[in-house]
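Trainee: fold the following for me, if possible:
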Amino acid sequence: MQVQVARHTAALVIAKVAAIELPNQQWTELVATLLGNMGQQPPNSGLRQATLEALGYVCEEMGRIEQDVLEQEQINSILTAVVQGMRKDERDAGVRLAATVALLNALEFAQTNFDNAEERNYLMQVICEGTMAPDAKVRETSFECLVKIAANYYEKLPAYMQDIFTLTHRAAKEDEEDVGKQAIEFWCTICEEELDLQEARAPARPPAPPQWMGAAPRAPADACRGLCVRKRKRRGACLRPQPALSER
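Mentor: Model prediction:
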């Protein structure tokens, strides 16, 4: 247990130092060194888990920096290592969870990969398999990945909606509460994105049908859509200037 805590702490420290060094073109060998840990023989589950945690934390730190720090080649290598750890044949639940969390943190850098249909299909396959993993935290984090994809790559999702509906519907009905919440959050995020698109269109134009229409049953999305509209109305009411106490 102490070794696991030490590895976790080391991963955090590496990421914090990387946040200082990498933007200044220092410690340029870091990502390559971490990736080298993933191929060590014989495989060491503890080292792989700590490495994936470090990669995830590095991506999280890089996401807070405005400038582009990671090169596309590095992003591709990170995603390859992360997806390898996420596969359903990975026996160590800790490794699979660390890989899934790392992907969650790396998704915002994956625009080029999501533009490539073959790479996108493989990423979506591995994530969807993660929503059915034996470990509840892996399932929950996999649904979090789908939520983040809905927020960042909404236009890429229609082809996957039928499968995602099946997975989210099952999770919302049968899975643990935290997993079910993320499944529902996916549809709420889809509706938020659609509402944003409709608000951005010219008022004179009739609203276009949502991109997911026809690709998945409408019931969960319609319900979440109504929830999002009510939330926005409440938010607007809260933002309206309130009279001073002396004027009431």
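Trainee: drop to CA atoms for contacts and neighbour counts, all remaining ones
Mentor: Will do.
Trainee: what is the mean pLDDT for the helix or strand where A81 lies?
Mentor: Per DSSP states H and E, A81 falls inside helix 72-86. Confidence for helix 72-86, expressed as mean pLDDT, is 95.
Trainee: contact partners of that helix?
Mentor: 31, 35, 38, 52, 55, 95-97, 99-100, 102-103, 106, 109-110, 113, 123, 126-127, 130 (CA atoms under 8 Å, 6 or more residues apart in numbering).
Trainee: now, these that are in strands?
Mentor: In this view, the contacts of helix 72-86 have no member that belongs to strands under DSSP state E.
Trainee: ok, for the residue most central in space within the chain, nearest residue in space, not its chain neighbours?
Mentor: Taking CA atoms, centre = their mean as the criterion, C145 is the residue nearest the geometric centre of the chain, at 2.8 Å. Spatial nearest neighbour of C145, chain neighbours left out: L104 (5.2 Å); criterion: CA to CA, 6 or more residues apart in numbering.
Trainee: give me the distance between the one you found and A110.
Mentor: The gap separating L104 from A110 is 11 Å, by CA to CA, to the nearest Å.
Trainee: neighbour count: these two, which is higher?
Mentor: Between L104 and A110, counted using other CA atoms under 10 Å, the more crowded position is L104 (22 against 19).
Trainee: can you pull the buried residues of stretch 67-78?
Mentor: Residues of stretch 67-78 classed as buried by neighbour count (16 or more other CA atoms under 10 Å): V69, L70, I75, I78.
Trainee: can you put those residues in JSON lines and add distance to I14?
Mentor: Listed next are the buried residues of stretch 67-78 as JSON lines, based on distance: CA to CA, whole Å:
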{"residue": "V69", "distance to I14": "16"}
{"residue": "L70", "distance to I14": "15"}
{"residue": "I75", "distance to I14": "17"}
{"residue": "I78", "distance to I14": "16"}
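Trainee: what's the closest of those residues to Q198?
Mentor: Here the nearest of the buried residues of stretch 67-78 to Q198, counting by CA to CA, is I75; it sits at 32.8 Å.
Trainee: so how far is L107 from that closest one?
Mentor: 10 Å.
Trainee: correct me, but the residue nearest to the centre of the chain touches A99?
Mentor: No - in this structure C145 lies outside contact range of A99 using CA atoms under 8 Å: 11.5 Å.
Trainee: CA atoms only for stretch 131-139 - export them in CSV, please.
Mentor: Taking only C-alpha atoms (Å, rounded to 0.1, in the frame of the first residue of the first chain), the coordinates of stretch 131-139 have been written out as CSV:
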residue,chain,number,x,y,z
THR,A,131,-18.4,1.2,-19.9
MET,A,132,-19.0,-2.6,-19.5
ALA,A,133,-15.8,-3.3,-17.5
PRO,A,134,-16.1,-5.4,-14.3
ASP,A,135,-14.7,-2.5,-12.2
ALA,A,136,-17.3,0.2,-11.4
LYS,A,137,-14.7,3.1,-11.4
VAL,A,138,-13.6,2.1,-14.9
ARG,A,139,-17.2,2.1,-16.1
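Trainee: report the distance from the helix holding A81 to the chain centre.
Mentor: Distance, stretch centre to chain centre, for helix 72-86: 14 Å (CA atoms, centre = their mean, to the nearest Å).
Trainee: now the biggest helix by length in the chain: average pLDDT?
Mentor: Criterion DSSP state H: the longest helix present in the chain is helix 177-200. Mean pLDDT, helix 177-200: 90.
Trainee: which parts of it are buried?
Mentor: Judged by neighbour count using 16+ other CA under 10 Å, the buried positions of helix 177-200 are 179-194, 198.
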